[in-house]
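Student: just to be clear, the model below is a prediction. Sequence and coordinates:
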Amino acid sequence: MVQKFGYFWGISGVLLILLFAIYRLSPMALALFDIPLEFLHWVSLIFSIIYMAYAEGYKGFHLSFAPRVVTRAQYLTQNPKFIHIVLAPLFCMGYIHSTRRRQLISFGLAIMIIGFVFLVRLLPQPWRGILDTGVVVGLTMGCASILYFIYLATHNLDEITVSADIPDYDNKLESN
């Protein structure tokens, strides 16, 4: 029971964080419908959507973040510790009980994202909406990717090959 709670809390907590970001950014993206866009704006919007779908949605979320979240949640079901279950979303995102490299990457990305958020807030419309639209597309793909990997994991359809980045855990898997 505790293991299932840790799995559910970890994944749903990560999804809630992503959905909250989508909720916060969507009004700026939707505000583009109220603004007459010029040719350069349309080209930028299309580029933003395609680039963020590829870079954030596919490369960032689908190939790396989403499978790692699910793998770490599965680890949590097999190795429950009270503090890891309480902090399961942070655990699944790699902020705690992960390799030094994963922690540095996770915290570095978070700092970089916060910096970009502050910079984008300074942009006027339609440029802010154009960038926010791309981010919303990428985040939505991220949520879909997490659900996809949950489906794969629960139906044993495919082995997730992304490292969990848990100290000494991945080495044990390779030796088996």
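Tutor: Thanks, I have the structure now. Because the structure is predicted, anything quoted here is derived from the model rather than measured. Numbers count the residues shown, from 1 in each chain.

Student: what distance do you get for the nearest residue to residue 41 once chain neighbours are set aside to residue 134?
Tutor: Leaving aside its chain neighbours, residue 41 sits nearest to residue 126 (5.2 Å; criterion: CB to CB, 6 or more residues apart in numbering). Quick note: C-beta positions are derived from backbone N, CA and C, even for glycine. Distance, residue 126 to residue 134, using CB to CB, to the nearest Å: 13 Å.

Student: for these two, indicate the residue with more neighbours.
Tutor: For the pair residue 126 and residue 134, the greater number of neighbours falls to residue 134 (25 against 22), based on other CB atoms under 10 Å.

Student: all strands of this protein, in order?
Tutor: Taking DSSP state E, the chain contains no strands at all.

Student: was I right about residue 125 contacting residue 36?
Tutor: No - with contact defined as CB atoms under 8 Å, residue 125 does not reach residue 36; the gap is 11.2 Å.

Student: neighbour count for the two, which is higher?
Tutor: Legend: neighbour count by other CB under 10 Å for residue 125 and residue 36, higher for residue 125 (14 against 6).

Student: how about the more buried one, what does it touch?
Tutor: 28, 31-32, 35 (CB atoms under 8 Å, 6 or more residues apart in numbering).

Student: show me the shaky parts of the chain.
Tutor: By pLDDT under 70, the low-scoring segments of the chain are 158, 169-176.

Student: how about the helices in it?
Tutor: Per DSSP state H, the chain carries helices over the ranges 2-30, 39-52, 66-78, 82-86, 88-92, 100-121, 127-155, 169-175.

Student: how about these in TSV, adding distance to residue 163?
Tutor: Formatted as TSV, these follow (distance: least, CB to CB, whole Å):
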stretch	distance to residue 163
helix 2-30	17
helix 39-52	25
helix 66-78	7
helix 82-86	18
helix 88-92	14
helix 100-121	8
helix 127-155	14
helix 169-175	5
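
Student: among these, which is nearest residue 60?
Tutor: Proximity to residue 60 (CB to CB) singles out helix 127-155 among the helices of the chain, at 7.2 Å.

Student: with adjacent residues omitted, what lies nearest to residue 63?
Tutor: Using CB to CB, 6+ apart, the nearest residue to residue 63 is residue 162, at 7.7 Å.

Student: touching, the one you found and residue 68? I think so.
Tutor: Yes - at 5.1 Å, residue 162 counts as touching residue 68 under the criterion of CB under 8 Å.

Student: compare the two (neighbour count), which wins?
Tutor: residue 68 (23 against 16).

Student: gap between the more buried one and residue 17?
Tutor: 15 Å.

Student: next: residue 1.
Tutor: Taking CB to CB, one finds residue 1 at 24 Å from residue 17.

Student: and the residue nearest to residue 63, what are its phi and psi?
Tutor: The phi/psi pair for residue 162 (degrees, to the nearest 10) reads phi -80, psi 140.
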